[in-house]
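> The following block contains a protein sequence and its predicted model.
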Amino acid sequence: MRIARLGCLLLLATCSFAAQAKMVHKPVEWILDGTTFHSVLVYDDAVSAKRPGLVMVPNWYGVNDDALTKAEGIAGKDYVILVTDMYGKKIRPTTDDQAMAAVKSLYGDRPLMRQRVNTALDQLKAQAKDAPIDLAHLAAIGFCFGGSAVLDLARSGADIAAVASFHGGLDTDKPELAKQIKARVLVMNGADDRGTMPDADKFMDEMRASPADWQFVVLGNAVHCFTEKGQNKQGCRYDERAAQRSYRLMHDWLRAAFAGTP
């Protein structure tokens, strides 16, 4: 009886510890050129070991509940993720028109986009003093507009292991910047994405002229937004199969990049 009671107490203690473990959402703010940016660091505090850090640039709606939920699912116990504000804390689009206005200024000023996403990388590194980030293993992932942003991070010559772009824009203002790429580049777009795929050939020519270890994956029967749950519009639709395949590709790509293996 005493042994059984002790077993129950140990079980309760274990359950209590598990209940205390949670996904941390830590606000991270910085000021760049007079604009305050409000990002969120996401990780599982049940794991004390250091793990790779990822800059994550969301779709054109920026930092919101959907982006944080997506970051939680990707982070798990494997990564610390900085869900990155690219607009400034006062700009939080809730409609397509507002989102279009927000990204227009960055698509029209790619040096500014590169500056902001590089600042986010610096801010991720700075969090290592308080969060379990392995500074030897850093990467970036992005969705839609965010895919464009992390590709520009790679083009800027950022010293990171890898980038992964999901249904992101492929164009650039300066193709010659690709010669600076140090990261392994994984790009995943839907075969029927009419917004991004017209630039596919130019993008591949750009990569061929770069020193990058790169892979361009075309997902059959998928259109734009294939990882964005809740999207079901013409040309912008969530696709469970394409989403899960692309996530598996991303995890494999990151593991290999961090391990330094093919």
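Now that the structure is in, tell me what you want to look at.

> CA atoms for contacts and neighbours, from now on please.
OK.

> Relative to residue 225, how far out is residue 56?
Going from residue 56 to residue 225 by CA to CA, to the nearest Å gives 16 Å.

> Same question for residue 79.
Applying CA to CA to residue 79 and residue 225 gives a distance of 23 Å.

> out of the two, which sits in the busier spot?
residue 225 (26 against 23; other CA atoms under 10 Å).

> Looks like that one contacts residue 144 (just checking).
Yes. Counting by CA atoms under 8 Å, residue 225 touches residue 144, with 6.9 Å between them.

> what do these two both touch?
residue 167 (CA atoms under 8 Å, 6 or more residues apart in numbering).

> Which stretches in this structure count as strands?
23-32, 35-44, 51-57, 80-83, 133-143, 162-166, 184-190, 214-219, 232-233, 236-237 (DSSP state E).

> Let's have the ones you listed in a markdown table, adding distance to residue 117.
Shown next, in a markdown table, are the strands of the chain (distance: least, CA to CA, whole Å):
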| stretch | distance to residue 117 |
| --- | --- |
| strand 23-32 | 11 |
| strand 35-44 | 11 |
| strand 51-57 | 8 |
| strand 80-83 | 11 |
| strand 133-143 | 10 |
| strand 162-166 | 12 |
| strand 184-190 | 16 |
| strand 214-219 | 20 |
| strand 232-233 | 29 |
| strand 236-237 | 25 |
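
> can you list those strands in a markdown table and add distance to residue 202 and mean neighbour count?
Shown next, in a markdown table, are the strands of the chain (distance: least, CA to CA, whole Å; neighbours: other CA atoms under 10 Å):
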| stretch | distance to residue 202 | mean neighbour count |
| --- | --- | --- |
| strand 23-32 | 32 | 15 |
| strand 35-44 | 32 | 21 |
| strand 51-57 | 23 | 28 |
| strand 80-83 | 29 | 30 |
| strand 133-143 | 20 | 23 |
| strand 162-166 | 16 | 30 |
| strand 184-190 | 14 | 24 |
| strand 214-219 | 12 | 17 |
| strand 232-233 | 27 | 12 |
| strand 236-237 | 23 | 18 |
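
> Just put the ones you listed in CSV and tack on distance to residue 123 and mean pLDDT.
As requested, the strands of the chain are exported to CSV (distance: least, CA to CA, whole Å; pLDDT from 0 to 100):
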stretch, distance to residue 123, mean pLDDT
strand 23-32, 8, 98
strand 35-44, 10, 98
strand 51-57, 9, 99
strand 80-83, 9, 99
strand 133-143, 12, 98
strand 162-166, 17, 99
strand 184-190, 21, 98
strand 214-219, 26, 98
strand 232-233, 34, 95
strand 236-237, 32, 98
